[in-house]
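Novice: turn this into a structure:
(4 chains)
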Number of protein chains: 2
Amino acid sequence: MSDRDGGSPHEEFAEVFVDFVRGFGLLDAETTPCGAPMSTAEAHAITVLRAGGLHQGVLGERVGLGKSSTSRLVDGLEQRGWVRRVPDPDDGRARLLRLTDKGREVAGGVVRRRADRLSALLDNVPAARRRSVIEALRLLTEAGRLDAP
Amino acid sequence: MSDRDGGSPHEEFAEVFVDFVRGFGLLDAETTPCGAPMSTAEAHAITVLRAGGLHQGVLGERVGLGKSSTSRLVDGLEQRGWVRRVPDPDDGRARLLRLTDKGREVAGGVVRRRADRLSALLDNVPAARRRSVIEALRLLTEAGRLDAP
DNA sequence: GCAAAGTAGTTGCACCCTGGAACCAAGTAG
DNA sequence: CTACTTGGTTCCAGGGTGCAACTACTTTGC
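Specialist: Below you'll find the predicted structure:
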């Protein structure tokens, strides 16, 4: 599965994919989380929390952290007044996480900045091609789901 | 530039883009650098070095590290026998970095694994759409270059 | 009921990676 | 020759992570 001939689409794809990821700075994404002073994990966390109250363990799973790291992550968010730990009425061990108003505002800012950046990116694609670019990304996302479900 | 109406292409693009990045695991890329035991920075470094001898500072720039971190990074690569620091004949201060045979082999493995994964991804895209997906990524890469050149 | 086993979360510890500052060696400008 | 710049290294501090041990609570089984 790994020896492919010269200009195969697969080789071309790998090349352009890597170019894209590097060019867009996805590898050093840590550098610009987006405006407010926070780590990528924190930014990821508050945007996940926008959806609604979650158990801490679930949040950790979504963000890709162990439970100790998640605990400390939430400590930080709580200290900044962005999130509250509410006791779960159904389970005395668990804590439900809820964004405060301020936290919701900060999370909104992160999402908005990201959308702005992506809008600017899309604006640089010729208008006639934009739908096809979106469709291609959708196909790729779908293809990724087939691979590791 | 940030208030867009309902189902605009920009909103759709942001959504599918984020889905793609998350789904493909680009954010937690640290987890699977690719086979051999190394950090993403190290993997990035040895693949960059495949091209040819570089000054340490240039490598750091490419990988996105400061000079102290780069120095330690190269220490590690050297200790594992993947790279040699050769004195630059034209500048007594500088060191040229050259991959050893073993290092070239390791770097090749990283590139090959990545290509394999991307091949698998592309294989999951309907054959008729593959060229258009590649073209779309090319357009996006180009669009990114226009933004931050 | 009640003890045993499992689960949610916290804390202590060690480790890795990073940047900034101080430093050394070598090139460059006057 | 002296001052300044530049490539790298080392020292130090800080952030982020996981693992293991621990607490508090819930669930299971007898």
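Novice: run through the residues that contact residue A:97.
Specialist: Neighbouring residues of residue A:97 by CB atoms under 8 Å, 6 or more residues apart in numbering or on different chains: A:49, A:53, A:54, A:55, A:56, A:59, A:74, A:83, A:84, A:85, A:86. C-beta: built from backbone N, CA, C; applies to glycine.
Novice: and the nearest residue to residue A:122 once chain neighbours are set aside, what element?
Specialist: Distances taken as CB to CB, 6 or more residues apart in numbering or on different chains place residue B:13 nearest to residue A:122, at 4.8 Å, with adjacent residues excluded. According to DSSP states H and E, residue B:13 maps onto helix B:9-24.
Novice: distance between that helix and the chain's centre?
Specialist: Computed by CA atoms, centre = their mean, to the nearest Å, the chain-centroid distance of helix B:9-24 equals 20 Å.
Novice: for it, list every residue counted as buried.
Specialist: For helix B:9-24, a neighbour-count test (16 or more other CB atoms under 10 Å in any protein chain shown) marks B:9-10, B:12-14, B:16-24 as buried.
Novice: quick revisit: in the contacts of residue A:97, which residue is surrounded by the most others?
Specialist: Comparing the contacts of residue A:97 by number of neighbours (other CB atoms under 10 Å in any protein chain shown), residue A:83 comes first, having 27 neighbours.
Novice: what's the neighbour count on residue A:82?
Specialist: Neighbour count for residue A:82, taken as other CB under 10 Å: 24.
Novice: likewise for the one 5 residues further on?
Specialist: Neighbouring residues of residue A:87 were enumerated by other CB under 10 Å; the total is 11.
Novice: that one touches residue A:95, doesn't it?
Specialist: Yes. Counting by CB atoms under 8 Å, residue A:87 touches residue A:95, with 6.3 Å between them.
Novice: now for those two: what residues contact both?
Specialist: Joint contacts of residue A:87 and residue A:95 (CB under 8 Å, 6+ apart) do not exist.
Novice: return the set of buried residues in the biggest helix by length in chain A.
Specialist: Ranked by number of residues, the top helix in chain A under DSSP state H is helix A:101-123. Buried residues in helix A:101-123, counted by 16+ other CB under 10 Å: A:103-104, A:106-107, A:110-122.
Novice: thinking again about what came up before, could the buried residues of helix B:9-24 go into TSV alongside pLDDT and distance to DNA strand D?
Specialist: Compiled in TSV, the buried residues of helix B:9-24 are given as follows (pLDDT from 0 to 100; distance: CB to the nearest atom of the strand, whole Å):
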residue	pLDDT	distance to DNA strand D
B:9	80	33
B:10	85	30
B:12	88	30
B:13	90	27
B:14	86	24
B:16	87	25
B:17	87	22
B:18	83	19
B:19	81	21
B:20	83	21
B:21	81	17
B:22	77	15
B:23	75	19
B:24	75	19
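Novice: could you dump those residues to CSV with distance to residue A:65?
Specialist: Below are the buried residues of helix B:9-24 laid out as CSV (distance: CB to CB, whole Å):
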residue, distance to residue A:65
B:9, 34
B:10, 31
B:12, 30
B:13, 28
B:14, 24
B:16, 25
B:17, 23
B:18, 19
B:19, 20
B:20, 21
B:21, 17
B:22, 14
B:23, 18
B:24, 19
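Novice: between helix B:130-147 and the strand or helix carrying residue A:146, find me the angle.
Specialist: If you go by DSSP H and E, residue A:146 is part of helix A:130-147. Taking axes from the mean of the first three to the mean of the last three CA atoms, to 10 degrees, one finds that helix A:130-147 is oriented at 120 degrees with respect to helix B:130-147.
Novice: relative to DNA strand C, how far out is the closest residue in space to residue A:47 that isn't next to it in sequence?
Specialist: The shortest distance from residue A:47 to any non-neighbouring residue, by CB to CB, 6+ apart, is to residue A:107 (5.4 Å). Distance, residue A:107 to DNA strand C, using CB to the nearest atom of the strand, to the nearest Å: 19 Å.
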